[in-house]
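**Q** Requesting a structural model of the entry that follows:
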Amino acid sequence: MKIDPASASSSTSPSIVFYDGNCGICQSFASWLMGLDQTRRLSLVAYQQIAPSELPAALTPQMTQQAMHLLDSQGNLYRGARAVFEAMRSLPGFWGCLGAVFSNRLTSTIAEPFYRLVANHRTTISRLLGLHVCEPAPTTLRRPDSWDHE
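**A** Residues are numbered from 1 along each chain as shown. Reported below is the predicted structural model:
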């Protein structure tokens with residue numbers, strides 16, 4: 001089933017985070033988000049686990065390979081540092097407050113070069129941190145309930 005921003009426009013729909021399931025840093029961040037997301041405001045999807053035809057129209061497979069993306073319940077699509085801050089904003093407590101402070105155009109623009117630096121060297125950084133590199137994404141991460149599982 002294709003992910004359609006219009007169908008995710010309900011305020012009760014979770015935001016969808018698209019990340020690189022072969023990246024240790026990305027996997028760790030997705031697991032961290034899932035562990036803190038007690039209210040299930042996020043669905044975490046490794047782009048390798050879905051067909052390109054399932055992506056929202058505004059998102060291409062090439063885009064998902066280059067950066068994390070977040071599609072919110074209003075159909076807004078965020079990438080890179082802004083997507084990280086928007087995902088954090090969905091969390092309760094301190095991390096949600098921190099995400100709310102930084103999820104704006106100015107701070108996201110300032111943070112983007114640092115995001116790009118890490119993203120461009122994520123394999124090396126993952127290896128140095130002892131994280132899995134080029135491993136399949138865990139199948140325990142949440143997908144939107146509305147998706148057909150074929």
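**Q** for the most centrally placed residue in the chain, which residues make a bridge with it?
**A** To find the centre residue of the chain, average its C-alpha atoms and take the closest one (CA atoms, centre = their mean): that gives residue 17, at 2.9 Å. Here residue 17 shows beta-bridge partners residue 44, residue 70, assigned using DSSP bridges.
**Q** Go ahead and confirm it touches residue 69.
**A** Yes: with contact defined as CB atoms under 8 Å, residue 17 and residue 69 form a contacting pair (7.4 Å). (C-beta placed from N, C-alpha, C; glycine too.)
**Q** what touches both of the two?
**A** When CB atoms under 8 Å, 6 or more residues apart in numbering defines a contact, the residues bordering residue 17 and residue 69 alike are residue 83.
**Q** how about the helices in this protein?
**A** Read by DSSP state H, the chain holds these helices, from start to end of the chain: 24-36, 61-66, 80-89, 93-102, 105-120, 122-128.
**Q** Among those helices, which comes closest to residue 47?
**A** Nearest to residue 47, of all these, is helix 61-66, at 3.8 Å by CB to CB.
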